[in-house]
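Engineer: got a structure for you, letters missing:
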């Protein structure tokens, strides 16, 4: 089913390998899958699905290295909880338990660390998960950029829930639960140096309630993802390749905050590639798309949900965008970090 | 978004499209070179080619500042970046451009302190904050970005910032256009001239294209509506037998440009006898270097550079793409050996490069059936 694996031809790791696009795919498929590959890891989904004593367990992990550690709308703590909760939720699972690992740089403020832990506790309570295990390491000054956090999580997939690229069919509709690119742009602006006066919060939030609302529609839900690093474009490109379909987006339907459009225009960045941390994208059977949209919009986190496109049979493996201008273009996989254009 | 949406209106586009259709002669191709990479990018990003009849053939010109930097200069930049104590600052676009021995991004991964900036003034600020380090700015671009470098140099001198220098690769737009117009076998009917460069140098700078080469020129802004309107203006000139420099970008561009910006460039930089362009070779009086008065801020004087010239890769046809002789997809390595993740030629690196723009946005067969007539 899956298209040809990417080869890793680089001799050293560059930042491009961490950006979520083609280079990341080459690193994961051309090195980690080659060395560690097994049937559980191979699908490279948001979570691994494990059969355990008759139950289906979803299992995932993610590391958080965001700078700045505190940003408008959140911090590394709630981001780490929500991110792992969301990876479980879009796999169709009910998130249950998380672990938290902290790599702390010598000299880090205890008050800040307490603030981050408290924010994790709030996020865990909001998502209904328990942080059941943890680990702490302290490294020398200059070795960890303040603080890195890793979270892993497990959840249970209810009976009857089957999601995956193999269920995606031409005619299906593509939905997002809200505005795109808020987290990435909020962090980019918060990093400073751009002198952009933009009032924009990260969207970091748990999407498990939204996922549950969709799953209540039953078999009409074919596929879900949380479009984090690499943004919506990367998530949909992976789907288009895995499901051997084409996905056609309608530019005028994309929910975007004016602040995000403005900042992206100025920086020459395409919001389709910018990270989200509290959104899900779902592929729904055509006849149930309206119901799914209503289900998302009924939830406060899904108020801006929209149907943004549909699945076509051809051209296989490509994501296309019908522009508001009346033309169309390919939305390709990103190669490295979104590099701002100079003029 | 206000002031942007107006220039991306589908309705307006259809009106202009109808006018374009009425102005073309069926079967007679009109080759229009959009000089600037910004136009190339806008054409692909918004699918402008889907809206014009097949008789309109956009030829992507040499105006992508990243694409024209030769590999030897990239190697010089890397050698600067790898000097102990140097903080090397660059626009993001240059990070992935391959030289003879890798890119700045790879140099960074090997340990060089390479930082992305949005403006040379940011580089100057880094220099102020790191007085014990040497901060070098990779100055690239046409007359669009040269004024910013110039202002930064003037400020560095005024404020006595001694640990800042510029590695100057600024170029001018006129000479490569002349080189293209002089190239044998060229069949260009008209030019869409760059908007931002013209903000600085004025529309006057293109008079020679009309007087010496009798081609229509329309100075054009960067929104898709602007480009369609420019096509209409070009077609009207051709229909009426006129040859003029017209200004579509009247909301910003003046006949004489921005004299203060030009003065800042002239105060800090002077023409080199000759400068190498990727794909186009050496072009006389086409590049800028810092004036001797600014030697203290000139990275080429302050540091020893390898200065080795590297031949463009044999398989690469960037040069032919840059002069519009072939389309990106007609290059023998396009999309196979040369892709955005493994670029051979620089046209594939910058999002404004003709090849990358086409690879990212344009690999579809044109869906001509969508053109409203």
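Structural biologist: Received the coordinates, thanks. Quick caveat: nothing in here was measured; it's all calculated off a predicted structure.
Engineer: alpha carbons only for contacts and neighbour counts from here, please
Structural biologist: Noted.
Engineer: number of nearby residues for residue 321?
Structural biologist: Answering for chain A, as no chain was given. 23 (other C-alpha atoms under 10 Å in any protein chain shown).
Engineer: I was after chain B.
Structural biologist: Using other C-alpha under 10 Å, residue B:321 is surrounded by 25 other residues.
Engineer: before we move on, what about residue A:306?
Structural biologist: Residue A:306 is flanked by 24 other residues according to other C-alpha under 10 Å.
Engineer: which residues does it bridge with?
Structural biologist: Counting by DSSP bridges, residue A:306 is bridged to residue A:176.
Engineer: Go ahead and list the helix or strand containing residue A:125.
Structural biologist: helix A:110-127 (DSSP states H and E).
Engineer: and that helix, which residues are buried?
Structural biologist: Neighbour-count burial for helix A:110-127, counted by 16 or more other C-alpha atoms under 10 Å in any protein chain shown, picks out A:113, A:116, A:117, A:119, A:120, A:121, A:123, A:124, A:127.
Engineer: Touching that helix from outside, list them.
Structural biologist: For helix A:110-127, contacts defined as C-alpha atoms under 8 Å, 6 or more residues apart in numbering or on different chains pick out A:75-78, A:80-82, A:85, A:95, A:130-131, A:205-206, A:208.
Engineer: Take the buried residues of helix A:110-127 and lay them out in a markdown table including pLDDT.
Structural biologist: A markdown table is the format used below for the buried residues of helix A:110-127 (pLDDT from 0 to 100):
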| residue | pLDDT |
| --- | --- |
| A:113 | 98 |
| A:116 | 98 |
| A:117 | 98 |
| A:119 | 97 |
| A:120 | 98 |
| A:121 | 98 |
| A:123 | 97 |
| A:124 | 98 |
| A:127 | 96 |
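Engineer: for the residues you listed, which one is nearest residue A:294?
Structural biologist: The shortest approach to residue A:294 among the buried residues of helix A:110-127 belongs to residue A:127, at 21.7 Å (C-alpha to C-alpha).
Engineer: So which bits of the stretch 51-200 of chain B are right by chain A?
Structural biologist: The stretch 51-200 of chain B has residues B:51, B:91-93, B:105-106, B:108-110, B:118, B:122, B:144-145, B:196 near chain A, with proximity defined as C-alpha under 8 Å from any C-alpha of the partner chain.
Engineer: in which helix or strand would I find residue A:138?
Structural biologist: Judged by DSSP H and E, residue A:138 forms part of strand A:130-139.
Engineer: cool, and residue A:320?
Structural biologist: strand A:319-322.
Engineer: Following element in sequence after that strand, please.
Structural biologist: Following strand A:319-322 in sequence, per DSSP H and E, is strand A:328-330.
Engineer: Direction included, what does that following strand pair up with?
Structural biologist: When DSSP bridges is applied, strand A:328-330 pairs with strand A:319-322 (antiparallel).
Engineer: one step back: could you dump the residues of the stretch 51-200 of chain B next to chain A into JSON lines and include pLDDT, neighbour count and secondary structure?
Structural biologist: Below are these laid out as JSON lines (pLDDT from 0 to 100; neighbours: other C-alpha atoms under 10 Å in any protein chain shown; DSSP: H, G, I helix; E, B strand; the rest coil):
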{"residue": "B:51", "pLDDT": "90", "neighbour count": "29", "secondary structure": "helix"}
{"residue": "B:91", "pLDDT": "90", "neighbour count": "21", "secondary structure": "coil"}
{"residue": "B:92", "pLDDT": "85", "neighbour count": "20", "secondary structure": "helix"}
{"residue": "B:93", "pLDDT": "81", "neighbour count": "20", "secondary structure": "helix"}
{"residue": "B:105", "pLDDT": "89", "neighbour count": "23", "secondary structure": "helix"}
{"residue": "B:106", "pLDDT": "91", "neighbour count": "23", "secondary structure": "helix"}
{"residue": "B:108", "pLDDT": "93", "neighbour count": "19", "secondary structure": "helix"}
{"residue": "B:109", "pLDDT": "91", "neighbour count": "15", "secondary structure": "helix"}
{"residue": "B:110", "pLDDT": "92", "neighbour count": "13", "secondary structure": "coil"}
{"residue": "B:118", "pLDDT": "85", "neighbour count": "17", "secondary structure": "coil"}
{"residue": "B:122", "pLDDT": "93", "neighbour count": "17", "secondary structure": "helix"}
{"residue": "B:144", "pLDDT": "93", "neighbour count": "25", "secondary structure": "coil"}
{"residue": "B:145", "pLDDT": "94", "neighbour count": "22", "secondary structure": "coil"}
{"residue": "B:196", "pLDDT": "91", "neighbour count": "23", "secondary structure": "helix"}
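Engineer: just those now: which is nearest residue B:320?
Structural biologist: The closest of those, once distances to residue B:320 are taken by C-alpha to C-alpha, is residue B:93, at 21.9 Å.
Engineer: what's near enough to touch residue A:151?
Structural biologist: By C-alpha under 8 Å, 6+ apart, the neighbours of residue A:151 are A:61, A:62, A:63, A:80, A:81, A:84, A:98, A:99, A:100, A:101.
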